[in-house]
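Engineer: Here's a sequence, model it:
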Amino acid sequence: MEVKSHKDLIAWQKAMDFAAGVYSLVGKFPAKETYGLWSQLTRAAASVPANIAEGKARGTTKEYAHFLSTARGSLMEAETHLLLAARIGYITDQDAAPSLALVDEVGRLINGIRSKLLVPIP
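Structural biologist: The predicted structure is shown next:
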């Protein structure tokens, strides 16, 4: 299948699933967290598919690889916020598990795309 758009990328699709799942999870957070951990987590999660899309739309392979790295960084930031939310009792480990599984999957997909971009073709 030819990748014409960022929407054709499985990494982007799974990152969207991750971001949507995070938005569902933060509903379990206490109201006092609206401008704290809730905000940081949702911004980091939304940044993952956004950076994949922006990188795909850029004109060069170097820029695409850069935005994929940024997406990966946002993914790790969101993972850290999820783990913290579970550790302090805002969500259970079971609540976090589906999103954390997507972190692993999206991370592998991003790494795969990035490695193909950066490997010179003989």
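
Engineer: and residue 14, what helix or strand is that in?
Structural biologist: Per DSSP states H and E: residue 14 is located in helix 10-25.

Engineer: cool, and residue 114?
Structural biologist: Assigned by DSSP H and E, residue 114 falls within helix 93-118.

Engineer: tell me how far that helix is from the chain's mean position?
Structural biologist: In this view, helix 93-118 has its centroid 7 Å away from the chain centroid, taken as Cα atoms, centre = their mean, to the nearest Å.

Engineer: Enumerate the positions of it that are buried.
Structural biologist: Within helix 93-118, the residues that count as buried by 16 or more other Cβ atoms under 10 Å are 95-96, 99-100, 102-103, 105-107, 109-110, 113-114. Every residue, glycine included, has its C-beta placed from N, CA and C.

Engineer: list the buried ones in stretch 65-82?
Structural biologist: Across stretch 65-82, burial judged by 16+ other Cβ under 10 Å covers 65-68, 70-72, 74-75, 77-79, 81-82.

Engineer: again, but for stretch 25-45
Structural biologist: 25, 26, 29, 33, 37, 38, 40, 41, 42, 44, 45.

Engineer: Now for the second one: which residues touch it?
Structural biologist: Residues touching residue 26, when contacts are defined by Cβ atoms under 8 Å, 6 or more residues apart in numbering, comprise 33, 38, 41, 42.

Engineer: Of the residues you listed, just say which sits nearest to residue 17.
Structural biologist: Proximity of these to residue 17 (Cβ to Cβ) peaks at residue 42, which lies at 14.6 Å.

Engineer: Lovely, talk soon.
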